[in-house]
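A.B. asks: next come a sequence and a model predicted from it.
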Amino acid sequence: MQITSKKLAYPLGLVLLILLPFVVEDFRVSQFSQVLIYAIAILGLNILTGFGGQISLGHGAFYAVGAYTSAILITQFDMSPYLTLPIAGLVCLVMGVLMGFPALRLAGHYLALATFALAIATPQLLKHKAIEKWTGGVQGLILDKPQSPFKLSLFGTELSEDRWLYLVILLIAILLFWLARNLLNGRIGRAIVAVRDQPVAAAALGVNLTVLKTATFGVSAAYTGIAGALSALAVSFVAPDSFPSFLSISLLVGTVVGGLGSIYGAIFGALFIQFVPNIADQLSKSAPWAVYGAILLAFAYAAPNGVMGIFKKITKRR
Amino acid sequence: MTLRLKSLSSIALTAALTLAGSLTAAQPYDPGATDKEIKIGNIEPYSGPASAYASYGKAQAAWFNKINDEGGINGRKINFISLDDGYSPPKTLEQARKLVEQDKVLFLFATLGTPTNSAIQKYMNQKKVPQLFVQTGASKWGDPKNFPWTMGWQTNYFSEGKVFAQAILDNQPNAKIAVIYQNDDFGKDYLAGLEAGLGDKKNMIIARETYEVTDPTVDSQMVKLKSTGADVLMNLSTPKFAAQIIKKVAELGWKPVHYLCQVSSSPGATLVPAGLDNSVGIITTGFFKDPSDPQWKDDKAMLEYQAWFKKYLPNADPLDTYYLQGMLNAQTLEHVLRQAGNNLTRENIMKQAASIKDLQLPLLLPGINVQTGPDDFYPIERLQLAKFNGKEWVLYGKIYGN
Amino acid sequence: MDSLLQQISAGLANGGIYAAIGLALVMIHQSTHHINFAQGEMATFSTFIAWALIQQGVPYWIAFVITVVVSFVIGVLIQRIFLKPVEKAPVLTNVIVFIGLLVIFNSVAGWIFDYTIKSFPSPFPLEGMFLPKYFSGHQIGSIAVTLVVLLAVFSFFRFTPLGLAMRAAAFNPESARLVGIKVSWMLALGWGMAALIGAVAGMMIAPVVFLDPNMMAGILLYGFAAALLGGIDNPWGAVLGGVILGVLENLLGAYVIGSDLKLTMALVLIVTILIFRPYGLFGKPIFSRV
């Protein structure tokens, strides 16, 4: 009985997600696109931190590099926006692997510091005059939104550029989530978790720690980098100020709120970091972030293992 | 969705629109304007590292409250919706879209910051919604040919840099200039203006140092600049750092001719923390009257300002000049809206904004006005030099700018 | 030569600032094995309390003492109210509680005290008592205060039974309970003391960088780096780490790389040092059983 309902849930959910943009206005669609983008970024961070046990306070840096890679390729080299996505992913994969090497030597708070340093240094690096020619310096780069290649109308609503982009992002998100699920539910996933929980034992059993840990860093960075590239398309603008250190912290918040070590938790984490600041803003003009902080605290107490932790508790009781 | 259903609904829609149109046929309105209210959107960094600038928006809200208490403009109340973007360009875009597409405001007013406004400029012009009187001194907002729906407001940093260059060429023609500037669009715009104003004498600048807003102190940069032997210092920084710089210069026993940018010239916000004695002789430019400046304490307009401030911003810091500047901007908008009368289309709003003829706001310095034209999207362009005597800024020299 | 010495002395003064916050982080880590990301904002808030008292006419040293006591109490209360519920939760859940506290303190400080910078008085004479050409009175004074705090923290943990109890409670809460240590109260005490040190740090820092709600935003990272550089459990290390960081950063910025890459360079340096000494310059590695 359970298997059939699960088998039905996925295609049904998919259909709903595809139809969703046609029943809401453009502005909401753009917000949902951002949720999907954050979900991909948070999934990336979760691969490293939740599954791999390596804390990162610097994933905003990969998000930024992915965004800038895409933006530079589009504005300076006239590349098709869709082609820039895998390239951004690749660039961030390499960057992640490179970060993975020093990370091998660092753990816990030391790794947190090193990654946080990366997050803080990134805006300064992006502004530097040596690369100003490509990055646009402090002014940043302005892009065009990708246009839909065909016309379509559903429920009387047109396929606007927002809706087209949403569908593109949805497709990529589904792909990346499916990939992550296969990766993490299989042998490699078990190896990653083993390295997190009992590194010495894992090594003794033949797991190559260096390769696995740096690869985890790389894949994690690639995911967040692709999210960044998608955000460049969605916002149509990149600037050093778009990637403050708080972005890295938000991604971590989203990871924990969704549930460490869960794949679908990323969606809830993304919903949290996208919408809770808006809610807080409506509740208090003078101290909105105090409201955000309070909501965050309440979450930590009510759901210390994240939203997915709550789901697990509920389904366990059954 | 069948064809019949579609055509039925479009017939119904047309009928409804015609009916509605006939009821309001007399007044040309765009979304956000009705007989009873004008809905305006605004975005400020209420949170994050730039939260100090949110005072602009708070002052504007307070000014519109006063206007509403007095009956509104042409019988309409101002509905001022101000949202937070945390100084993050992606968030600014989201808020702009919310205001335009969901709240359906008539236009955006005094949105704050350069990267933030850059992020929404294309969108606003595509949607043909005014991005009016943006609250930043960046020089890029006066480009009606490419961005007819975007207009700046205050004297821009580039022009101010040029004024400083002129002052140096006039008074210290053999100067060796050291520059310290904030490493972002704000600082770079000033430096570009300074260099442009010096022209082929650009190599009078012998040293340039930058700082980030995340730097705890700028002591190291100041030590380095002193060691270059420069005799003129260009201090292009925001209040917190400007105060540190003034203090450090005094501590180092260095006595250059010290030019300070307008943004950080408030006695209350910068010079008092830095030390009034340390600030003697500093030169700045200005375009409005500073509330912490003793020379305006009996000025009629200033007294009215303080009365308004006490009533509508009771818990705010009266030494914070961002409030005054925000209010001046709101007054500029008030003028535009009064001129627009009952023709509240976006096109007319832009048209009125682009035809301000010699508007004298009483809290602007004497001789400085607000003026725009179809090719002139820089409302305020004038500046005057002032020198600090330990107590107040003493204006001197001519008025620069058109 | 003179400007080189100026750069070094400026670096030492900055280093003192980083060390002060670093000590608060060492304190919190030794007593709870967590790093409190909200430490900077709590310190800023404490400094605002002191400022408000001084504005009301309270003399400096009385305001100082009141602030320090109030901060201690706030620290204890925060642990009791906000951290106790997540004592048994995963580390990262604790981290998001710290983040929540960080944004709350920052937001409330801005709401109550406004964002214009405020000057904060220094209790020390204007001229340096020692090498007046290179150090101001305040810089000498705050370096002295930092050293006093350092000695106090070090002796507390090394020589007092209470300090030992706190370290035990952090290292192995179960075993500590078995020998009669009230673990929960040890944690609360640790928080109180860290808040106390943070308040002192804030009051030493504010006269230099001026007081505003975002005062610690840039400094926290450096304090964090200083503490880790020296070995997170070693108060001497935090001070030395802070000094090294301050001086190196200034020298790099002035003579090697220019101020627009100063921050990046400093951080690259820290990461490099940590790669070769992953537990900090003076830290001890933590061994775990398989």
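C.D. replies: Nice, thanks for sending it over.

A.B. asks: name the nearest residue to residue B:29, sequence neighbours excluded.
C.D. replies: Excluding the flanking residues, the one nearest residue B:29 by Cβ to Cβ, 6 or more residues apart in numbering or on different chains is residue B:344, at 5.3 Å. Every residue, glycine included, has its C-beta placed from N, CA and C.

A.B. asks: neighbours around the closest residue to chain C within the stretch 251-400 of chain B, how many?
C.D. replies: Nearest residue of the stretch 251-400 of chain B to chain C: residue B:273, at 3.7 Å (Cβ to the nearest Cβ). Residue B:273 is flanked by 23 other residues according to other Cβ atoms under 10 Å in any protein chain shown.

A.B. asks: pretty sure it contacts residue C:210?
C.D. replies: Yes - under the criterion of Cβ atoms under 8 Å, residue B:273 makes contact with residue C:210 at 5.4 Å.

A.B. asks: any residues in contact with both of the two?
C.D. replies: B:243, C:117, C:118, C:119 (Cβ atoms under 8 Å, 6 or more residues apart in numbering or on different chains).

A.B. asks: the residues you listed: which two are farthest apart?
C.D. replies: B:243 and C:118 (10.4 Å; Cβ to Cβ).

A.B. asks: what is in contact with these two at once?
C.D. replies: Shared contacts of residue B:243 and residue C:118, defined by Cβ under 8 Å, 6+ apart, comprise B:273, C:210.

A.B. asks: of these two, which one has the most company?
C.D. replies: Each of residue B:243 and residue C:118 has its neighbours counted (other Cβ under 10 Å); residue B:243 has more, 25 against 21.

A.B. asks: could you measure from the more buried one over to residue C:119?
C.D. replies: Distance of residue B:243 to residue C:119, computed by Cβ to Cβ, to the nearest Å: 8 Å.

A.B. asks: and what of residue A:129?
C.D. replies: From residue A:129 to residue C:119 the distance is 34 Å (Cβ to Cβ).

A.B. asks: the spatially most central residue of chain C: which element?
C.D. replies: Centroid-nearest residue in chain C, with Cα atoms, centre = their mean: residue C:21, separated by 1.6 Å. Using DSSP states H and E, residue C:21 sits within helix C:2-32.

A.B. asks: just the buried positions in that helix, please.
C.D. replies: Judged by neighbour count using 16 or more other Cβ atoms under 10 Å in any protein chain shown, the buried positions of helix C:2-32 are C:3, C:6-32.

A.B. asks: just stretch A:188-206 next, same as before
C.D. replies: A:188, A:189, A:191, A:192, A:193, A:194, A:195, A:196, A:199, A:202, A:203.

A.B. asks: returning to that earlier point: quick one: mean pLDDT over the helix holding residue C:21.
C.D. replies: Averaged across helix C:2-32, pLDDT comes to 89.

A.B. asks: picking up where we left off before, okay, the shared contacts of residue B:273 and residue C:210 in a markdown table with secondary structure, pLDDT and distance to chain A next?
C.D. replies: Shown next, in a markdown table, are those (DSSP: H, G, I helix; E, B strand; the rest coil; pLDDT from 0 to 100; distance: Cβ to the nearest Cβ, whole Å):
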| residue | secondary structure | pLDDT | distance to chain A |
| --- | --- | --- | --- |
| B:243 | helix | 93 | 23 |
| C:117 | coil | 86 | 20 |
| C:118 | strand | 89 | 19 |
| C:119 | coil | 89 | 24 |
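
A.B. asks: ok, the residues you listed vs residue B:167, which is closest?
C.D. replies: For those, the nearest to residue B:167 is residue B:243 (22.2 Å; Cβ to Cβ).

A.B. asks: list the contacts of the closest one.
C.D. replies: B:264, B:270, B:271, B:273, B:274, C:117, C:119, C:210.

A.B. asks: ok, the residue nearest the centre of chain B to chain C distance?
C.D. replies: Residue closest to the average C-alpha location in chain B (Cα atoms, centre = their mean): residue B:135, at 3.3 Å. Distance from residue B:135 to chain C, counting by Cβ to the nearest Cβ, to the nearest Å: 15 Å.

A.B. asks: how about the strands in the stretch 1-150 of chain C?
C.D. replies: For the stretch 1-150 of chain C, no strands are identified by DSSP state E, counting those that start in this stretch.

A.B. asks: how many other residues sit next to residue B:267?
C.D. replies: 21.

A.B. asks: equivalent analysis for the one 4 residues further on, please.
C.D. replies: Other residues near residue B:271 number 29, with proximity taken as other Cβ under 10 Å.

A.B. asks: wait, isn't it in contact with residue B:247?
C.D. replies: No - shown here, residue B:271 and residue B:247 do not form a contact pair, counting by Cβ under 8 Å, at 10.4 Å.

A.B. asks: need the contact list for the residue of the stretch 251-400 of chain B closest to chain C.
C.D. replies: Counting by Cβ under 8 Å, 6+ apart, residue B:273 touches B:243, C:117, C:118, C:119, C:210.

A.B. asks: now do 6 Å
C.D. replies: Contacts for residue B:273 (Cβ atoms under 6 Å, 6 or more residues apart in numbering or on different chains) come out as B:243, C:117, C:119, C:210.

A.B. asks: gap between it and residue B:246?
C.D. replies: According to Cβ to Cβ, residue B:273 stands 9 Å off from residue B:246.

A.B. asks: same question for residue A:273.
C.D. replies: 40 Å.

A.B. asks: over to residue A:230?
C.D. replies: Between residue A:230 and residue B:246 the distance is 46 Å, computed by Cβ to Cβ.

A.B. asks: settle it for me: which of these two has more neighbours?
C.D. replies: A count of neighbours by other Cβ under 10 Å puts residue A:230 above the other of residue A:230 and residue B:246, at 29 against 26.

A.B. asks: find the nearest non-adjacent residue to that one, please.
C.D. replies: Nearest non-adjacent residue to residue A:230, counting by Cβ to Cβ, 6+ apart: residue A:37, 5.0 Å away.

A.B. asks: contacts for the helix or strand hosting the one you found, please.
C.D. replies: Under the criterion of DSSP H and E, residue A:37 resides in helix A:26-46. Residues external to helix A:26-46 that are found in contact with it (Cβ under 6 Å, 6+ apart): A:21, A:59, A:63, A:160, A:162-163, A:165-166, A:169, A:173, A:176, A:180, A:220, A:223-224, A:227, A:230-231, A:234, A:251, A:254-255, A:266-267, A:269-271, A:273-274, B:97, B:101-102.

A.B. asks: buried ones among those residues?
C.D. replies: Using 16+ other Cβ under 10 Å, the buried members of the contacts of helix A:26-46 are A:21, A:59, A:63, A:160, A:162-163, A:165-166, A:169, A:173, A:176, A:180, A:220, A:223-224, A:227, A:230-231, A:234, A:251, A:254-255, A:266-267, A:269-271, A:273-274, B:97, B:101.
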